[in-house]
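K.L.:
below are the sequence and a predicted model for it; my questions follow.
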Amino acid sequence: MSLARVLVPVKRTVDYAVKIRVKPDNTGVETKNVKMSTNPFDEIAVEEAVKLKEKGLVKEVVAVTIGPKDAAEILRKLMAVGVDRSIHIETDEDLQPLAVAKVLKKVVEKENSDLVLLGKQAIDDDSCQTGQLLGGLLNWPQASFASEVNVEGGKAIVKREIDGGLETVSVQLPAVISADLRLNTPRYAKLKDIMAARKMTIDTSSLADWGVDTTPRFDVVSVQDPPTRAGGVKVESVQELVQKLKNDGVL
Amino acid sequence: MHRLRTLGVAPVRRQTQARVYSVRPALTSFSEEENLLRAEVARFADQVVRPKVREMDEKAEYDADVLRQCFEQGYMGIETPGELQGSGMSFVSSCIVIEEMAKVDPSVSLIIDIQNTLINTALRKWGTPEQQEQWLPKLATDTVGSFALSEWGSGSDAFSMKTTAVKGDGVYKLNGSKAWISSSKHAGFFLVMANVDPSQGYKGVTAFLVDAKNPGIKVGKEEDKLGMRASSTCEVILTDCIVSEKDVLGQVGKGYKIAIESLNEGRIGIGAQMLGLAQGAFEQTLPYITKRNQFGRPITSFQGMQFDIAKLATDIEAAKLLVYNAARLREEGKPFVQEASIAKLYASQMAERVATKCVEMMGGVGFTKEFPIEKFYRDCKIGQIYEGTTNIQYQTIAKSVLKAYE
């Protein structure tokens, strides 16, 4: 029995290759005129959803993004790699994970999704909360940091990357699964699919239409550069290394 | 007015019409799918091609997997319509693919350039529906095409070629030897120029579609080259090569026109390749030189280096505008021959200036194979030679300028 719909929430973040600069007033990171792309972990989630569709385990892959007008840019490319339909919820507000999870809950309910697949965290704020909060709000089981996903008989068998190694869990569907780095390697959009994606639908609505309380629950007090790394020292021998470690009180 | 004032009535000011300008996009403003295309090709080139670049150059061989994936991604049939297995995109899209690939490996960019701007385009423009159906899908999915025009005795003087095509009963028999033919070792298909009537000079030159499996066509000696080494550059020998008269592309005796018009357009592709090469060299030099410290500071904090950086950035920008403007003119269906020639001329010379300077700025490591810069220096030289030498471009441009004064 195949699942009807997979929802893949995706976020438009600063491109991973860009050198991040902290704003002079320390309120955040500079995003003006900076190259933006799809959060890499969300790309991996999309790839997994498309793979499930290719295996016949899923009928439709729907992507959703919440963000300013430009955020829709990322949706076109995702539709070129296999997303069937996308939703763009427009807002200029900077939403925190709980607010995002609340909006996504409404989307899940409207779309009647059977599975939510999303990146484990966004590379701009590294919150790593949205998936888990969404699972909680929906009262669905969740499997985070997935490095392998198999769907069979109304369950998802997920290998999770944890500090000690790999853990395999079985979750009853519907569920929330968050993608980790080694889950897959996202494909490249073929040229003809880029052309086909031009005609595909993006449903646009404004955040207000969804009737969710998005009041921030915490304040970002300051954002700072990490301290500059002091140069290291090369040692000539193991004895010298041991001596230095002893001198520094480490041994 | 005066009378109105004496009556105590203020004159009505005539309202000026708000001027409405339609804002035209900059040459470097691309459409949403062109930007998406560029980003995807850049990513592919970086992740799939880049790890193999040095090996392909050393072995003077394309990596089979890289070529296969270029076909899979649709890079070998960019403008071919979807119904014929192509990607259904535009000429500017071809230039974008060629440019982005050249930033990583100008050799891989070359095979894509030839396939699209010379082979596919010739078939689309002059091919019969049968010929298009026979070849375009193959060229888009798994078959490399090769453009066989030059000979040992005829480079710039292309139409003094000695390869002949003798007419028989519903067939032509081709005999001769082509030289410096790119992609020939990999080709499953050749577009061969031969003369059906040497007494007519260039008016006898005819274009023939030749399957590589034809027993009368053989790839000969491969050149051991300074640069573009992964691209195969070989002799192509025709010995009593029999083709059907149905394999004539366009009209008999009109091959010179096909060659000239194909090259006029193909030049823009070479411009894009040279543009990519220069940017590739520059963009791989900057991260190194900004971290390289001498005399207690990054070398880029010295004015001399900064002036060089500014000159290179200016040179690249100029070439970019020339290439893309020529490409857009061609897409618009406007005359573009002069602009295409200027773009190729400038971009190829600029690529040499940039690549040379990048080797210098890198210092000692710029001269070693461990860094990618020396390859760009070797690869750039052919830009001023193939698809019309620099001197040929000068002639083309001068002829075009002077036409208005004849």
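P.N.:
Happy to help now that I have it. Numbering: from 1, shown residues only, chains lettered A, B, ... in the order given.
K.L.:
which pLDDT value belongs to the residue of the stretch 101-250 of chain B found nearest chain A?
P.N.:
With CB to the nearest CB, the shortest gap between the stretch 101-250 of chain B and chain A falls at B:A140, namely 9.5 Å. Using the backbone N, CA and C atoms, a C-beta is placed for each residue, glycine as well. B:A140 carries a pLDDT value of 98.
K.L.:
that one: what's it in contact with?
P.N.:
B:F71, B:G74, B:M76, B:G77, B:T80, B:L84, B:Q85, B:G86, B:S87, B:N120 (CB atoms under 8 Å, 6 or more residues apart in numbering or on different chains).
K.L.:
relative to B:G86, how far out is the fifth one?
P.N.:
Using CB to CB, to the nearest Å, one gets 2 Å for the distance from B:T80 to B:G86.
K.L.:
now swap in the last one and tell me
P.N.:
Distance of B:N120 to B:G86, given as CB to CB: 8 Å.
K.L.:
shared neighbours, those two?
P.N.:
Counting by CB under 8 Å, 6+ apart, the shared contacts of B:N120 and B:G86 are B:G77, B:I78, B:E79, B:T80, B:L136, B:A140.
K.L.:
and the furthest pair within these?
P.N.:
B:I78 and B:L136 (11.7 Å; CB to CB).
K.L.:
pull the number of nearby residues for residue 219.
P.N.:
This is for chain A. Other residues lying near A:D219 total 6 when counted by other CB atoms under 10 Å in any protein chain shown.
K.L.:
please refer instead to chain B.
P.N.:
Applying other CB under 10 Å, we find 19 residues neighbouring B:V219.
K.L.:
what do you get for A:S170?
P.N.:
Per other CB under 10 Å, the neighbour tally for A:S170 reads 13.
K.L.:
and for A:V22?
P.N.:
15.
K.L.:
what are the ranges of the helices in the stretch 151-300 of chain B?
P.N.:
With DSSP state H, counting those that start in this stretch as the criterion, the stretch 151-300 of chain B has helices at B:255-291.
K.L.:
I should have written the stretch 151-251 of chain A there, sorry.
P.N.:
Applying DSSP H, counting those that start in this stretch to the stretch 151-251 of chain A gives helices spanning A:191-197, A:238-247.
K.L.:
so, low pLDDT: which residues of chain B?
P.N.:
Counting by pLDDT under 70, chain B has low-confidence residues at B:1-20.
K.L.:
around chain A, pick out the residues from it.
P.N.:
For chain B, the residues in contact with chain A (CB under 8 Å from any CB of the partner chain) are B:32-33, B:36-37, B:39-40, B:43-44, B:48, B:72-75, B:78, B:82, B:86-89, B:93, B:97.
K.L.:
try it again at 10 Å.
P.N.:
Within chain B, the positions lying close to chain A (CB under 10 Å from any CB of the partner chain) are B:31-37, B:39-41, B:43-48, B:69, B:72-80, B:82, B:85-90, B:93-94, B:97, B:140.
K.L.:
buried ones from the residues you listed, can you make that a PyMOL selection?
P.N.:
This is the PyMOL syntax for the buried subset of these, where burial follows 16 or more other CB atoms under 10 Å in any protein chain shown:
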select buried, chain B and resi 33+34+36+37+39+40+41+44+45+48+73+74+75+76+77+78+79+80+85+86+87+88+89+90+93+94+97+140
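K.L.:
so of the residues of chain B next to chain A, which ones are in helices?
P.N.:
Mapping the residues of chain B next to chain A onto helices (DSSP state H) picks out B:32-37, B:39-41, B:43-44, B:69, B:72-73, B:93-94, B:97, B:140.
K.L.:
residue of the stretch 1-150 of chain A closest to chain B, please.
P.N.:
Closest approach between the stretch 1-150 of chain A and chain B, counting by CB to the nearest CB: A:K77, at 5.3 Å.
K.L.:
what is the neighbour count of that residue?
P.N.:
25.
K.L.:
assumed it was part of a helix.
P.N.:
Yes. Assessed by DSSP: H, G, I helix; E, B strand; the rest coil, A:K77 belongs to a helix.
K.L.:
how about B:A398, secondary structure?
P.N.:
Under three-state DSSP, the three-state class of B:A398 is helix.
K.L.:
can you tell me how far it is from chain A?
P.N.:
Distance of B:A398 to chain A, given as CB to the nearest CB, to the nearest Å: 38 Å.
K.L.:
please name the nearest non-neighbouring residue to the residue of the stretch 301-406 of chain B found nearest chain A.
P.N.:
Closest to chain A within the stretch 301-406 of chain B is B:E331: 15.5 Å, counting by CB to the nearest CB. Sequence neighbours aside, B:F91 is the residue nearest to B:E331 in space, at 5.2 Å (criterion: CB to CB, 6 or more residues apart in numbering or on different chains).
K.L.:
which residues touch the one you found?
P.N.:
B:78-79, B:116-117, B:121, B:265, B:268-269, B:326-328, B:330-331 (CB atoms under 10 Å, 6 or more residues apart in numbering or on different chains).
K.L.:
likewise for A:S127?
P.N.:
A:Q96, A:P97, A:L98, A:V100, A:Q121, A:L133.
K.L.:
pick out the most distant pair among the residues you listed.
P.N.:
A:L98 and A:Q121 (14.6 Å).
K.L.:
what does the stretch 51-200 of chain A put close to chain B?
P.N.:
A:72-74, A:76-77, A:80-81, A:185-198.
K.L.:
tell me the buried residues within the residues you listed.
P.N.:
With burial judged by 16+ other CB under 10 Å, the buried subset of those is A:72-74, A:76-77, A:80-81, A:186-195, A:197.
K.L.:
now the strands: where do they sit in chain A?
P.N.:
Applying DSSP state E to chain A gives strands spanning A:3-9, A:12-14, A:36-38, A:58-67, A:85-90, A:115-119, A:142-152, A:155-162, A:165-172, A:175-179, A:202-206.
K.L.:
now do the contacts for the residue most central in space within chain B.
P.N.:
Nearest to the geometric centre of chain B sits B:G269, at 2.3 Å (CA atoms, centre = their mean). For B:G269, the contact set (CB under 10 Å, 6+ apart) comprises B:91, B:94-95, B:97-99, B:109-110, B:112-114, B:116-118, B:121, B:323, B:327, B:340, B:343-344, B:387.
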